[in-house]
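Enquirer: I'd like to go over a predicted model; first the sequence, then the structure.
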Amino acid sequence: MSANDSPELLTITPQGWNPGSWRSFPAVQQPDWPDEAAHEAVLKKLATYPPLVFAGESRALMRSLGEVSAGRAFLLQAGDCAESFDSYDANSIRERLRVILQMAIILTYSAGVPVVKVGRIAGQFGKPRSSPTETIDGVDLPSFRGHNVNDIGFDAESRKPNPKRLLRAYNQSASTLNLLRAFTKGGFADLSRVHQWNQEFVSTSPQGQRYERLAGEIERALRFMKACGLNHDTIPALHDVDVFTSHEALLLGFEEALTRRDSLTGAWYDCSGHMVWIGERTRELSGAHIEFFRGISNPVGCKLGPTATVEETLGICDALNPSRIPGRLTLISRMGAANVREALPPLLRAVKDAGHPVVWACDPMHGNTYTSPTGHKTRHFDSILAEIRGFFAAHAEVGTWPGGVHVELTGDNVTECVGGSDELLDGDLPLRYETMCDPRLNGRQSLDLAFDVAEMLRSSQ
Ligand code: PEP
Ligand code: CO
């Protein structure tokens with residue numbers, strides 16, 4: 001049975017669950033709010049605010065992800081590691097959307113597979129940290145946990161968690177989403193604009209020229225379709241696209257405040273984003289995050305790093321998708337290029353044998369981070385690609401569908417990851433290293449990646 005046939009399937013609230021039931025479970029990676037009453041007052045206020053997304057939209061995404069789990073579509077989930085309160089303007093949102101649309105068109109056209117587009121956007125603020133404190137020159141301060149918690153500056157005032165930031169995160173998410181809706185439904189995403197999507201700094205590069213050729217072919221195909229009587233009026237998909245939002249649902253108080261009952265089906269939805277995921281550091285089966293996620297009806301994801309066992313993975317599937325609804329659960333493997341060939345196949349086999357209809361996505365970023373001699377946290381394009389190759393090879397070995405990729409990128413011309421066909425070097429990193437958290441692929445590297453993944457996808461069919 002698919003979510004398509006029965007959107008009511010998730011209306012049965014799991015036993016003992018309510019939007020706040022996570023509070024009796026151990027919640028890791030939550031900030032130490034200096035004034036808990038002030039934090040609770042902010043949450044109370046947020047609970048009165050309008051939902052950011054609507055249940056029907058999340059259900060539409062779940063149906064599309066159901067197609068991915070059945071091997072008939074591919075998931076592209078991409079965006080910032082952490083959105084910022086500082087670099088927040090219409091241009092940067094448009095550039096991020098633009099690069100996602102370009103990648104999707106490369107994948108769709110070259111591999112002939114529909115692409116489900118999900119941004120790490122309009123809510124991707126909270127960051128889990130490996131240590132609660134950071135020490136520089138003997139000074140010990142709370143770690144930066146994302147702009148919805150504290151600020152990145154290394155002084156006591158900046159690092160003090162401030163719950164008012166949650167209100168600002170809500171407002172920024174709302175206006176980002178508003179712009180995304182305008183761009184995706186208001187003409188910017190029209191397929192006849194494939195040429196215009198090519199950014200200026202990209203179009204002069206080899207990747208940009210390769211993209212131009214592909215856009216030329218698409219234009220010819222569109223002219224052919226038009227001549228056959230198929231045009232914009234008869235096919236709305238030519239001028240509208242669906243780009244969904246997602247983030248790591250880390251701060252459970254915030255997520256609880258935005259969890260609402262859908263009036264149509266009676267089911268609970270976390271209306272802070274269409275899809276939410278659990279990070280590698282918060283996926284403990286007996287923990288608060290799993291408790292919260294099991295009762296919301298959105299499509300959900302869970303990261304799986306190299307230490308994930310078969311038991312844990314099956315436990316996550318059973319906890320989050322007991323009714324085995326296709327598209328409900330995306331498992332995001334982030335093993336590292338060196339581990340993926342060994343670590344992934346046993347998990348793929350176990351999930352397949354258990355009959356769980358999951359989407360398997362590859363996050364080739366988080367297992368391949370290192371510090372360059374310049375002191376910057378970076379990733380090499382070759383390792384990113386190597387992990388995706390290993391991911392495809394693991395699926396080919398087990399006979400499962402390599403459902404998608406989950407990447408950190410920006411449309412801007414930053415220098416945060418090394419390699420790619422521009423051969424960015426360690427020494428280039430200080431030029432434009434602008435990320436709030438992890439290093440992102442720039443626009444050109446993102447197109448490089450899309451062409452390479454399209455080839456893998458084509459040969460895996
Ligand atoms: C992230 O996606 O930015 C992240 C922190 O990933 P992970 O939970 O896989 O470490
Ligand atoms: Co990250």
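Expert: Great, that's in hand. Ligands and ions are numbered 1, 2, ... in the order given.

Enquirer: now the strands for the stretch 51-200 of the chain?
Expert: Listed in chain order, the strands of the stretch 51-200 of the chain (DSSP state E, counting those that start in this stretch) span 74-79, 115-120, 133-136, 139-142.

Enquirer: okay, now the sheet partners of the second one, with direction.
Expert: Strand 115-120 has these partner strands in its sheet, going by DSSP bridges: strand 74-79 (parallel), strand 243-248 (parallel).

Enquirer: ok, it near ligand 2 or not?
Expert: No: Strand 115-120 is not in contact with ligand 2 by CB under 5 Å from the ion; minimum separation 8.6 Å. Using the backbone N, CA and C atoms, a C-beta is placed for each residue, glycine as well.

Enquirer: send the alpha carbons of that strand over as PDB?
Expert: Coordinates of each C-alpha in strand 115-120 appear next as PDB, following Å, rounded to 0.1, in the frame of the first residue of the first chain:
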ATOM      1  CA  VAL A 115      14.400  14.200  -9.600                       C
ATOM      2  CA  VAL A 116      12.800  15.100  -6.200                       C
ATOM      3  CA  LYS A 117      14.300  18.400  -5.100                       C
ATOM      4  CA  VAL A 118      14.700  19.100  -1.400                       C
ATOM      5  CA  GLY A 119      16.600  22.100   0.000                       C
ATOM      6  CA  ARG A 120      18.600  22.200   3.200                       C
END
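
Enquirer: outside of that strand, which residues touch it?
Expert: 61, 64-65, 67-68, 73-81, 96-97, 100-101, 104, 107-108, 180, 241-247, 274-275, 404, 408 (CB atoms under 8 Å, 6 or more residues apart in numbering).

Enquirer: among the strands paired with strand 115-120, which is nearest L344?
Expert: Closest approach to L344 among those (CB to CB): strand 74-79, 16.5 Å.

Enquirer: what residues of the closest one count as buried?
Expert: For strand 74-79, a neighbour-count test (16 or more other CB atoms under 10 Å) marks 74-79 as buried.

Enquirer: I'd like those residues written out as JSON lines, with pLDDT added.
Expert: Written out in JSON lines, the entries for those read as follows (pLDDT from 0 to 100):
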{"residue": "F74", "pLDDT": "98"}
{"residue": "L75", "pLDDT": "98"}
{"residue": "L76", "pLDDT": "98"}
{"residue": "Q77", "pLDDT": "98"}
{"residue": "A78", "pLDDT": "98"}
{"residue": "G79", "pLDDT": "98"}
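
Enquirer: which one of those residues is nearest to A361?
Expert: L75 (5.5 Å).

Enquirer: so what's the closest one up against?
Expert: Residues counted as contacts of L75 (CB under 8 Å, 6+ apart) are 65, 68, 115-116, 118, 330, 359, 361, 403-406.

Enquirer: change it to 6 Å
Expert: Neighbouring residues of L75 by CB atoms under 6 Å, 6 or more residues apart in numbering: 68, 116, 359, 361, 403-404.

Enquirer: now these in JSON lines, with pLDDT and distance to G229?
Expert: Below are the contacts of L75 laid out as JSON lines (pLDDT from 0 to 100; distance: CB to CB, whole Å):
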{"residue": "V68", "pLDDT": "98", "distance to G229": "31"}
{"residue": "V116", "pLDDT": "98", "distance to G229": "28"}
{"residue": "V359", "pLDDT": "98", "distance to G229": "36"}
{"residue": "A361", "pLDDT": "98", "distance to G229": "38"}
{"residue": "G403", "pLDDT": "98", "distance to G229": "35"}
{"residue": "G404", "pLDDT": "98", "distance to G229": "34"}
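
Enquirer: list the contacts for the closest residue to ligand 1 within the chain?
Expert: At 3.0 Å from ligand 1, G279 is the closest residue in the chain, using CB to the nearest ligand atom. The contact partners of G279, by CB under 6 Å, 6+ apart, come to 128, 248, 303.

Enquirer: which of those residues sits closest to G16?
Expert: Closest to G16, out of all of those and judged by CB to CB, is E248, at 24.7 Å.

Enquirer: what number of residues are in the vicinity of the closest residue to ligand 2 within the stretch 251-400 of the chain?
Expert: Residue of the stretch 251-400 of the chain nearest ligand 2, by CB to the ion: H366 (5.9 Å). Using other CB atoms under 10 Å, H366 has 20 neighbouring residues.

Enquirer: wait, it touches R334, no?
Expert: Yes: counting by CB atoms under 6 Å, H366 does reach R334; the two are 4.4 Å apart.

Enquirer: ok, V359 touching V405?
Expert: No: using CB under 6 Å as the test, V359 is too far from V405 to be in contact (11.3 Å).

Enquirer: for the residue of the chain closest to ligand 1, give me the pLDDT.
Expert: Note for G279: predicted pLDDT of 98.

Enquirer: residue ranges with poor pLDDT in this structure?
Expert: In the predicted model, the chain carries pLDDT under 70 at residues 1-11.

Enquirer: can you pull out the helices in it?
Expert: 36-46, 55-69, 90-111, 156-159, 164-185, 200-203, 206-227, 252-257, 288-295, 310-320, 340-353, 381-398, 443-459 (DSSP state H).

Enquirer: right, and the ones you listed - which one's nearest W22?
Expert: helix 288-295 (4.0 Å).

Enquirer: number of residues surrounding E284?
Expert: Neighbours of E284 using other CB under 10 Å come to 15.

Enquirer: please report phi then psi for it.
Expert: Main-chain dihedrals, E284, degrees, to the nearest 10: phi -60, psi 130.

Enquirer: list the contacts for the nearest residue to K44 once chain neighbours are set aside?
Expert: Nearest non-adjacent residue to K44, counting by CB to CB, 6 or more residues apart in numbering: A257, 7.7 Å away. Applying CB under 6 Å, 6+ apart to A257 gives the contacts 43, 46-47.

Enquirer: now the residues you listed in JSON lines, with distance to N91 and neighbour count?
Expert: Output for the contacts of A257, formatted as JSON lines (distance: CB to CB, whole Å; neighbours: other CB atoms under 10 Å):
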{"residue": "L43", "distance to N91": "33", "neighbour count": "17"}
{"residue": "L46", "distance to N91": "28", "neighbour count": "20"}
{"residue": "A47", "distance to N91": "33", "neighbour count": "13"}
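
Enquirer: next to ligand 2 in this structure, residues from this structure, please.
Expert: 81, 438.

Enquirer: redo that, cut-off 8 Å
Expert: The chain comes close to ligand 2 at residues 81-82, 127, 365-366, 408, 437-438, as judged by CB under 8 Å from the ion.

Enquirer: which of those residues has the most neighbours?
Expert: Counting neighbours by other CB under 10 Å, the top entry in the residues of the chain next to ligand 2 is E408, with 26 neighbours.
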